[in-house]
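In: Below are the sequence and a predicted model for it; my questions follow.
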Amino acid sequence: MTTKDFTTALAAPVAATAPMAMNSTENSPSVAASCLRFSTEMFDIGDVTRSIMDDRRAGSAADPGPVAWSIVRIARFVHPGSASAEAGVAWGTVEGPPAAPTESLTVAAIDGHPFGPISFTGDRWALPDVRLLSPFLPSKVVAMGRNYAEHAKEMGGAAPSTPLIFIKPSTSVIGEGDAIRLPASSAEVHYEGELAVVIGTPARNVAPEDALRHVFGYAAGNDVTARDQQRADVQFTRAKGYDSFCPLGPWVETVLDAADLRVVTRVNGEVKQDGRTSQMIHDLPTQIAFISAIMTLLPGDVILTGTPAGVGPIVAGDTVSVEIEGVGTLTNPVVAA
């Protein structure tokens, strides 16, 4: 398939879905068109990008451009502007030591998108002076069901021998600090903290041994679910598809071994879930290979990899935080719609 064919095939669905992520006027058709353009450009720069990401994971000195630390965290944010740039939306790297408090971090704007060699514009802001958005506007979010044995048990079902997948719409995606909005049609909405995988290069019929080469990085995710509707409907679309039901962020960590990371969900500061990615039934390469045999995964697409045991209800006034070891903490307030 040529770049032109790919653009023609995907222009309508991506343009129709990508702009609609909730709660941000910055999620506009022009931004969506840019995301599509970045996706199609990957066919031209994909080999370079794969080499870059392999070098980053290997700790190679071939990393493009200077970064402040050995980690490379990519964020998308609204900035107040500078002498050389009007206020707007940009991608950038989050600078600062891993354990540093948020108020001491900075963001350095990059020129264009983060899927290829990174160059900096020279603009830099303190992190508290920008507003973080969802790191990407995915064309789709593919989620894993019952991928932790203890979670399958608490849901009253057996762990699936074949990966169980479902899709959350792009309109469900929100970012750090955005509100999870509880629909009036549900009386029982649950949190589900998860590791989110962000795809970096197009993936179709990928072998497990090659799967991680298609990963751009990792973020925290929350597969918010109207549990009463999930039980009533059996299939998951309504229960998991509401606007604001897929918080992602706070940024994407691109240099990380995600095979054994701690996943912790807190509600109002109280630990509710505490698991490790090594407890997954189907590991990350298996997930990517399985999904890519069914549908093409595009740059910016997200895989929610399953939730550990301990899911439970949230109500208006709560604050939910999902912490992924080596990535950071995603925090969202809960409000009535």
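Out: Okay, I see it.
In: strands paired with the host helix or strand of residue 221, and their directions?
Out: Here residue 221 sits within strand 215-222, counting by DSSP states H and E. Partner strands for strand 215-222, per DSSP bridges, with pairing direction: strand 193-199 (antiparallel), strand 246-253 (antiparallel).
In: Rebuild those strands as TSV, extending it with distance to residue 231.
Out: For every residue, glycine as well, the C-beta is placed using N, CA and C. Converted to TSV, the strands paired with strand 215-222 look like this (distance: least, Cβ to Cβ, whole Å):
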stretch	distance to residue 231
strand 193-199	20
strand 246-253	20
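In: So for residue 260, which of these sits nearest?
Out: Shortest distance between residue 260 and those, using Cβ to Cβ, is found for strand 193-199: 10.9 Å.
In: With just CA atoms, put that closest one into CSV.
Out: The C-alpha trace of strand 193-199 is given here as CSV (Å, rounded to 0.1, in the frame of the first residue of the first chain):
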residue,chain,number,x,y,z
GLY,A,193,-6.1,1.5,36.2
GLU,A,194,-3.9,0.1,33.4
LEU,A,195,-0.6,0.4,31.5
ALA,A,196,-1.3,2.0,28.2
VAL,A,197,0.9,1.2,25.2
VAL,A,198,1.3,3.8,22.4
ILE,A,199,2.0,2.6,18.9
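In: can you pull the contacts of residue 280?
Out: Residues counted as contacts of residue 280 (Cβ atoms under 8 Å, 6 or more residues apart in numbering) are 147-148, 305-306.
In: rewinding a little: could I get the strands paired with strand 215-222 in TSV, plus columns for mean neighbour count?
Out: Listed next are the strands paired with strand 215-222 as TSV, based on neighbours: other Cβ atoms under 10 Å:
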stretch	mean neighbour count
strand 193-199	27
strand 246-253	29
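In: what's the closest of the ones you listed to residue 79?
Out: Across those, residue 79 has its closest neighbour in strand 246-253 (14.4 Å, Cβ to Cβ).
In: circling back to that earlier point, columns mean pLDDT and distance to residue 77 on top of the strands paired with strand 215-222, output as a markdown table?
Out: Formatted as a markdown table, the strands paired with strand 215-222 follow (pLDDT from 0 to 100; distance: least, Cβ to Cβ, whole Å):
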| stretch | mean pLDDT | distance to residue 77 |
| --- | --- | --- |
| strand 193-199 | 98 | 16 |
| strand 246-253 | 98 | 9 |
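In: Tell me which of those strands lies nearest to residue 170.
Out: Nearest to residue 170, of the strands paired with strand 215-222 and by Cβ to Cβ, is strand 246-253 at 8.6 Å.
In: Regarding the closest residue to residue 239 other than its chain neighbours, what are the backbone dihedral angles?
Out: Nearest non-adjacent residue to residue 239, counting by Cβ to Cβ, 6 or more residues apart in numbering: residue 230, 3.7 Å away. When read as degrees, to the nearest 10, the backbone of residue 230 gives phi -60, psi -40.
In: Which stretches in the stretch 1-150 of the chain count as strands?
Out: Residue ranges of the strands in the stretch 1-150 of the chain, as given by DSSP state E, counting those that start in this stretch, are 73-79, 88-95, 106-110, 120-126, 131-132, 141-145.
In: closest to residue 249 out of these?
Out: Across the strands of the stretch 1-150 of the chain, closest to residue 249 is strand 131-132 (Cβ to Cβ), at 6.1 Å.
In: buried set for stretch 78-95?
Out: Buried residues in stretch 78-95, counting neighbours by 16 or more other Cβ atoms under 10 Å, are found at 78-79, 89-95.
In: for stretch 148-162, same thing?
Out: Neighbour counts using 16+ other Cβ under 10 Å place 148, 151-152, 155, 159 of stretch 148-162 among the buried residues.
In: any chance of the contacts of residue 280 in JSON lines, plus pLDDT and distance to residue 214?
Out: Output for the contacts of residue 280, formatted as JSON lines (pLDDT from 0 to 100; distance: Cβ to Cβ, whole Å):
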{"residue": "147", "pLDDT": "97", "distance to residue 214": "19"}
{"residue": "148", "pLDDT": "96", "distance to residue 214": "23"}
{"residue": "305", "pLDDT": "98", "distance to residue 214": "14"}
{"residue": "306", "pLDDT": "98", "distance to residue 214": "19"}
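In: Widest-spaced pair of those residues?
Out: The most distant members of the contacts of residue 280, if one measures by Cβ to Cβ, are 148 and 305, lying 9.5 Å apart.
In: if we can go back for a sec, what is the nearest of the buried residues of stretch 148-162 to residue 190?
Out: Using Cβ to Cβ, residue 155 is the member of the buried residues of stretch 148-162 that lies nearest residue 190, at 10.4 Å.
In: can you tell me how far that closest one sits from residue 186?
Out: Residue 155 sits 17 Å away from residue 186, going by Cβ to Cβ, to the nearest Å.
In: and stretch 232-239, average pLDDT?
Out: Averaging pLDDT along stretch 232-239 yields 95.
In: Not counting it itself, show me its contacts.
Out: So stretch 232-239 is in contact with 145, 166-167, 186, 225-227, 229-230, going by Cβ under 8 Å, 6+ apart.
In: If we use 6 Å, what do you get?
Out: 166, 225-226, 229-230 (Cβ atoms under 6 Å, 6 or more residues apart in numbering).
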